[in-house]
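K.L.:
from the sequence below, what's the structure:
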Amino acid sequence: MHAKVISLNISERKGVRKKPVTEVELKENFGISGDAHASSEWHRQVSLLAMESIMKMKKAGLDVGPGDFAENITTEGIDLLHLPLGTRLLIGNDVEVEVSQIGKECHSRCAIYYQAGDCVMPKEGIFVKVIRGGRIKIGDRIRIKN
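P.N.:
You can find the predicted model right below:
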């Protein structure tokens with residue numbers, strides 16, 4: 001099975017569930033156009049979470065799906081947690097990103113925690129910075145750059 005993009009999600013504010021979209025534009029050293037987390041000021045420009053992590057939460061009884069954990073890109077078929085920092089991923093035809101952080105510390109229980117009952121993002125989400133921008137869409141292939 002090829003690794004691929006399952007869902008693309010953006011929000012205008014931080015700490016809320018993101019809304020699904022069919023296509024996004026990633027800007028070099030910035031993030032996703034129109035997303036609250038995009039910034040050239042830090043290394044967490046785009047967030048990724050595996051569908052496999054979301055399915056674990058579903059099996060635990062939570063009614064959750066792609067975007068509910070505020071991830072920008074929901075993936076399938078790639079072991080995000082075991083990608084070393086600095087790993088470069090190619091998404092679709094043009095986009096190249098670099099793993100900049102694995103997991104995060106959650107200082108407070110945000111709206112996602114209260115809506116979903118738990119949050120898998122701090123433990124299993126990863127963050128990337130955009131090396132080469134471009135457009136990506138649902139179904140695009142994800143590859144590890146050698």
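K.L.:
make it CA atoms for all contacts and neighbour counts henceforth
P.N.:
OK.
K.L.:
now do the end-to-end distance for stretch 139-146.
P.N.:
Between the start and the finish of stretch 139-146 there is a gap of 22 Å, counting by Cα to Cα, to the nearest Å.
K.L.:
what residues does that stretch touch?
P.N.:
By Cα atoms under 8 Å, 6 or more residues apart in numbering, the residues outside stretch 139-146 that reach it are H2, A3, K4, V5, I6, T87, R88, L89, L90, I91, G92.
K.L.:
between all of those, which two are separated the most?
P.N.:
Farthest apart among the contacts of stretch 139-146 by Cα to Cα are I6 and T87. That separation is 20.4 Å.
K.L.:
neighbour count: those two, which is higher?
P.N.:
I6 (19 against 14; other Cα atoms under 10 Å).
K.L.:
mind checking the SS state of that one?
P.N.:
What DSSP: H, G, I helix; E, B strand; the rest coil gives for I6 is strand.
K.L.:
check S53 too.
P.N.:
Applying three-state DSSP: S53 is helix.
K.L.:
average pLDDT across stretch 5-13?
P.N.:
Averaging pLDDT along stretch 5-13 yields 93.
K.L.:
equivalent analysis for stretch 93-100, please.
P.N.:
96.
K.L.:
do the same with stretch 20-29
P.N.:
Mean predicted confidence for stretch 20-29 is 96.
K.L.:
and it, end to end?
P.N.:
End to end - Cα to Cα - stretch 20-29 spans 23 Å.
K.L.:
buried sites along it?
P.N.:
Neighbour-count burial for stretch 20-29, counted by 16 or more other Cα atoms under 10 Å, picks out P20, V24, L26, K27, E28, N29.
K.L.:
thinking again about what came up before, and the buried ones among the contacts of stretch 139-146, selectable in ChimeraX?
P.N.:
In ChimeraX, a selection of the buried entries from the contacts of stretch 139-146 looks like this (16+ other Cα under 10 Å):
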select :3,4,5,6,88,89,90,91,92
